[in-house]
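Enquirer: Need a 3D model of the following:
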Amino acid sequence: MSAEPGRQRAYDRVRFRPMTLNDVEAVLAVEQASYPFPWSEGIFRDCIRAGYFCRIVECTGEITGHAIMSHGAGEAHILNICLRADMRGLGVGRQLMEFLLERARAVHMEDVFLEVRPSNPIAIHLYESLGFVRIGVRKGYYQASGGREDAWIYKLVLEPR
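Expert: Numbering: from 1, shown residues only. Below is the predicted model:
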């Protein structure tokens, strides 16, 4: 990896842990800094209360990202994945996605789905490099400046390990 030394050391200290209600304020700060149309505090609280697989990305004691995944009936749905800007480009997103996929396998899911904005080529490249295949479009799914943006639907068929 060609990250500068300080950034590389930060990557080495990344860990994933369960998200709690006490984390929501810090999670919301990362979400709001990352997206023009962020999830609300209530959505994060509801995901935790509903028992979704909610994880924090923590580096040197700071919350630097998060992921939310639901699963049931053989399907997992990655609902939100977000990293603070200074954590991008280090491979942490890939590490987080692989962590989510391992969790889906561990609970015997057969397929994993997600939606992504067509205007997010970095995420699209990551998902496709992990084996996700675009299977459809949800017209006008996302809020966007000046209107709505479609969502591309991706699916990964999990191979048991």
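
Enquirer: Low-confidence ranges, the chain, go.
Expert: The chain contains residues with pLDDT under 70 at 1-12, 161.

Enquirer: just checking, what's the longest helix in it?
Expert: helix 92-106 (DSSP state H).

Enquirer: Could I get the full set of strands for the chain?
Expert: Counting by DSSP state E, the segments of the chain that form strands are 14-18, 53-59, 62-72, 75-83, 111-116, 133-144, 147-157.

Enquirer: Kindly state which of these is positioned closest to Phe37.
Expert: strand 133-144 (4.2 Å; C-beta to C-beta). From N, CA and C alone the C-beta is placed, and that goes for glycine too.

Enquirer: one step back: in CSV: the strands of the chain, plus distance to Trp39 and mean neighbour count.
Expert: As requested, the strands of the chain are arranged in CSV below (distance: least, C-beta to C-beta, whole Å; neighbours: other C-beta atoms under 10 Å):
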stretch, distance to Trp39, mean neighbour count
strand 14-18, 18, 14
strand 53-59, 12, 21
strand 62-72, 8, 20
strand 75-83, 6, 20
strand 111-116, 14, 19
strand 133-144, 11, 12
strand 147-157, 15, 16
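
Enquirer: Just send these back as TSV, with distance to Arg94 too.
Expert: Compiled in TSV, those are given as follows (distance: least, C-beta to C-beta, whole Å):
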stretch	distance to Arg94
strand 14-18	11
strand 53-59	12
strand 62-72	12
strand 75-83	11
strand 111-116	14
strand 133-144	18
strand 147-157	14
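
Enquirer: right, and the ones you listed - which one's nearest Phe99?
Expert: That would be strand 14-18 among the strands of the chain, by C-beta to C-beta, at 5.6 Å.

Enquirer: Now do the closest one against strand 75-83: the angle between them, please.
Expert: Strand 14-18 and strand 75-83 are oriented at 130 degrees to each other (axes from the mean of the first three to the mean of the last three C-alpha atoms, to 10 degrees).

Enquirer: Who are the contact partners of the spatially closest residue to Gly140 that is not a sequence neighbour?
Expert: Distances taken as C-beta to C-beta, 6 or more residues apart in numbering put Arg148 closest to Gly140, at 3.7 Å, once the chain neighbours are dropped. Shown in contact with Arg148 (C-beta atoms under 8 Å, 6 or more residues apart in numbering): Gly140, Tyr141, Tyr142.
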